[in-house]
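>>> model this:
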Amino acid sequence: MKVGLPCTVCCVNAVDRPSGVRLAELVAALSLATDLGLGQPQEHVLRQTVVARRLATAAGLPDDQQTAVFYVSLLAWVGCISDSHELAAWFGDDQRLRAASYEVDKSGISMLRFVLGHVGEGSGPVRRLTTIGRFLAGGPDRAARFMLSHCQTTGDIAERLGLGAQAGGALQQAFERWDGKGVPGRCAGEQIDPAIRVVQIADDVEVFHRVYGVDAASEMLRSRRGTEFDPALVDLFCARATELLDGLDEVDAWDAVITGDRDLGPELSEAELTRVLGVFADYADLKSPSWLGHSAGVAALAADAASRLGLPASEVTLVERAALVHDLGAIGVSAGVWDKPGPLSASDRERVRIHPYLTERTLARPARLAEIGALAALHHERLDGSGYPRGVRGDALSLSARLVAVADAYHALGEARPHRAALSGARPRPAGSTERRRTRCWPPPGTASATGPRSRAISPHVRPRSWSCWPAASPTRRWPSGCRCRPAR
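Model (predicted):
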C-alpha cells in the first residue's frame with residue numbers, strides 16, 4: 001500500500017528502497033500513543049482490534065469490510081488528543097476523564113450527570129461551582145464540539161496516511177449511536193457503517209472485560225442494546241462472549257494483530273517512512289496549542305546540523321526521524337500539566353520526566369522503529385547525568401543524541417509556553433554562570449558550530465530558564481526571581 005503524503009519536513013537522502021516497515025505496523029504503533037491519550041493501559045487499542053476482528057468474522061462481514069474494521073479500530077480514537085487542551089481546562093485531567101467515560105452511556109441524563117461530576121475536578125468548592133456555571137452557560141453543544149473535533153482530526157490523519165478511502169467514512173461516525181442521538185447525529189441504525197458499529201462494541205468490551213470480566217462486559221452491552229450499540233451485534237456477542245474473548249488476557253496483542261496477519265500490504269519506501277513519521281510529529285504536537293509545529297521544526301534543525309557535521313546520510317535520516325517522534329510520549333501526560341501556567345508540583349514533574357520513556361515504549365516494535373525510538377528517548381538527557389529519564393551522562397550520549405537534545409532545547413526556547421514567553425536572541429549570562437554549568441546541559445562548542453547562526457542556542461550567554469538542568473540539580477540553588485525551572489519542552 002502506497003501513501004502519498006505532503007512532505008512537511010525535508011527527507012534527507014530519502015530513496016525509494018523498501019524500509020522494512022509496513023504502513024499497518026506504523027498505524028499499530030500509533031495506536032499505542034492513542035492508548036496514552038485515552039488513559040488506558042498499553043495495547044488497549046490492539047486488544048480492541050483483536051475483539052473487533054473476531055466479532056466481524058462472527059458477523060460474517062465481507063473481506064473488504066473486515067479490512068476496514070482493522071484500520072478503523074486502530075485509528076478510531078486517534079483524534080482524542082485534539083481536544084486535550086479544552087478538556088483539561090474544564091475537567092482538570094483529560095486522561096482521567098476519558099478513562100472514566102467508559103463507565104457511562106454517553107447520552108442523556110447519564111452523560112449530563114457524568115460531565116457535571118467531573119467539571120472543575122481538583123478545584124476548591126467555590127472555583128468548582130463557578131466552573132460548572134460557566135460550562136453550563138456554554139450550552140449543551142459544548143461536548144458535541146469536542147467530539148466533532150476528534151472526528152475531524154481522525155479523518156485528517158487517515159487521509160494523510162493514505163487510508164481515507166478505506167476508513168475515512170466510518171471514522172467520521174465514531175460518535176454516532178444506533179438510536180440516532182450521537183454526534184454529529186446525521187445517521188442512525190443501519191445507516192452507520194458496519195465497521196464502526198463493530199469497533200464501538202469492541203472498544204467498551206475490552207475495558208469492561210479487562211477490569212470486571214466477561215459477565216460484566218456482556219451486561220454492559222445489554223444495558224446499551226438498541227441505544228448506543230447495534231442490537232444484532234450485541235446479541236451475537238453476548239451469545240458467543242466466551243469464545244470471542246477467549247485468551248484475551250494472555251494474548252500478545254501486537255502478534256495477534258500484526259505478526260499473524262496474512263496481508264498487511266507492501267513495505268513503505270524510505271521516503272514514505274519519513275513522511276509517515278512526519279504525521280506522527282504533527283499528531284504529538286496536538287497535545288497543546290503552544291506546540292504546533294514544534295516536532296517538525298526540531299527535526300529540520302537537527303537534520304540540518306547533522307548534515308553540516310558530515311554525518312553519514314543514514315545517520316542524518318535517523319536523527320531527523322528521531323526528532324520527528326521525540327515527543328510522542330508527551331501524549332501520556334495530561335494537558336493540564338503541560339498547560340499549567342505556574343510552577344509544577346513534585347508529582348507533575350515526575351509525570352513529565354517519564355514522557356521520553358513512553359516515546360521509546362510506543363516505538364518498541366517493529367525493530368526498525370525501535371532504533372528510532374531509542375534515540376528519540378534521549379532528548380532530555382544531559383552530559384553531566386542531570387537529565388531524564390535515565391540520567392545518562394558523558395560519552396554514553398552519542399553525537400546524534402546530543403544533536404536531537406540541542407535542537408529540541410533551542411526550538412522550545414523560541415516558542416511561547418503557558419509558563420513563559422518565547423525567548424529571542426542572546427541573554428545576559430546569569431550571575432555565577434560558568435563553563436562547567438553550560439557543559440552540564442549542552443554538547444561541546446564543536447557540536448554547536450554545525451548550526452551556524454543558530455549556535456547562539458548553546459552559547460554560554462543564553463540561559464534556558466525553562467529546563468530542569470538550569471540551575472543545578474541541587475534544590476537549594478536558585479536563579480533570580482522570574483526563573484521558572486521545570487522539566488519542560
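>>> where along the stretch 201-350 of the chain do the helices fall?
214-223, 231-239, 241-244, 253-254, 270-285, 294-308, 313-325, 335-338, 346-353 (DSSP state H, counting those that start in this stretch).
>>> C-alpha coordinates for the third one, PDB please?
This file holds the C-alpha atoms of helix 241-244, laid out as PDB (Å, rounded to 0.1, in the frame of the first residue of the first chain):
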ATOM      1  CA  ALA A 241     -18.900 -13.900  24.500                       C
ATOM      2  CA  THR A 242     -16.700 -16.600  26.000                       C
ATOM      3  CA  GLU A 243     -15.500 -17.600  22.500                       C
ATOM      4  CA  LEU A 244     -14.900 -14.000  21.300                       C
END
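>>> Quick one: list the elements packing against that helix.
On a contact count with 3 or more C-beta pairs under 8 Å, 6 or more residues apart in numbering; DSSP states H and E, helix 241-244 meets helix 44-58, helix 214-223. C-beta here means a position set from N, CA and C on the backbone, and glycine is covered the same way.
>>> Format those helices as a markdown table; extra columns: mean neighbour count and distance to residue 74.
Shown next, in a markdown table, are the helices and strands packed on helix 241-244 (neighbours: other C-beta atoms under 10 Å; distance: least, C-beta to C-beta, whole Å):
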| stretch | mean neighbour count | distance to residue 74 |
| --- | --- | --- |
| helix 44-58 | 23 | 6 |
| helix 214-223 | 17 | 21 |
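>>> could I get these as TSV with distance to residue 304?
As requested, those are exported to TSV (distance: least, C-beta to C-beta, whole Å):
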stretch	distance to residue 304
helix 44-58	35
helix 214-223	51
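>>> List just the one of the helices of the stretch 201-350 of the chain that sits closest to residue 186.
For the helices of the stretch 201-350 of the chain, the distance to residue 186 is smallest for helix 231-239, at 20.4 Å, taking C-beta to C-beta.
>>> Could you give the average pLDDT over the closest one?
Averaging pLDDT along helix 231-239 yields 98.
>>> Residue 207 and residue 104 touch, don't they?
No - if you go by C-beta atoms under 8 Å, residue 207 and residue 104 don't touch, sitting 12.0 Å apart.
>>> Which one's more surrounded, those two?
residue 207 (21 against 16; other C-beta atoms under 10 Å).
>>> Quick check: nearest residue in space to that one, chain neighbours excluded?
Among residues not flanking residue 207 along the chain, residue 102 sits closest, at 4.6 Å (C-beta to C-beta, 6 or more residues apart in numbering).
>>> pLDDT below threshold where in the stretch 1-150 of the chain?
The model of the stretch 1-150 of the chain has pLDDT under 70 over residues 1-15, 139-140.
>>> can you give me the helices for it?
Going by DSSP H, counting those that start in this stretch, the stretch 1-150 of the chain shows helices at 23-38, 44-58, 63-75, 84-91, 94-101, 108-118, 125-137, 141-160.
>>> who wins for proximity to residue 370 among these?
helix 23-38 (9.9 Å).
>>> for that closest one, packing partners?
helix 44-58, helix 63-75, helix 94-101, helix 270-285, helix 355-362, helix 367-376.
>>> okay, those in JSON lines with distance to residue 108 next?
Shown next, in JSON lines, are the helices and strands packed on helix 23-38 (distance: least, C-beta to C-beta, whole Å):
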{"stretch": "helix 44-58", "distance to residue 108": "25"}
{"stretch": "helix 63-75", "distance to residue 108": "26"}
{"stretch": "helix 94-101", "distance to residue 108": "14"}
{"stretch": "helix 270-285", "distance to residue 108": "32"}
{"stretch": "helix 355-362", "distance to residue 108": "36"}
{"stretch": "helix 367-376", "distance to residue 108": "43"}
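>>> Of all those helices, which one is nearest residue 394?
Closest among these, once you apply C-beta to C-beta, is helix 367-376, at 17.0 Å.
>>> Taking helix 313-325 as reference, get the angle to whichever helix or strand comes after that closest one.
Downstream of helix 367-376, the next assigned helix or strand under DSSP states H and E is helix 399-413. With axes from the mean of the first three to the mean of the last three C-alpha atoms, to 10 degrees defining the directions, helix 399-413 sits at 40 degrees from helix 313-325.
>>> Next, the buried residues of helix 399-413.
The neighbour-count check on helix 399-413 (16 or more other C-beta atoms under 10 Å) flags 399-413 as buried.
>>> quick check, nearest of the residues you listed to residue 392?
So of the buried residues of helix 399-413, ranked by how close each gets to residue 392 (C-beta to C-beta), first place is residue 401, at 8.1 Å.
>>> Could you tell me the angle between the direction of the longest strand seen in the chain and that of helix 270-285?
Longest strand of the chain, by residue count under DSSP state E: strand 18-22. For strand 18-22 against helix 270-285, the angle by the same axes, to 10 degrees is 40 degrees.
>>> wait, residue 100 sits on residue 106?
No - in this structure residue 100 lies outside contact range of residue 106 using C-beta under 8 Å: 11.4 Å.
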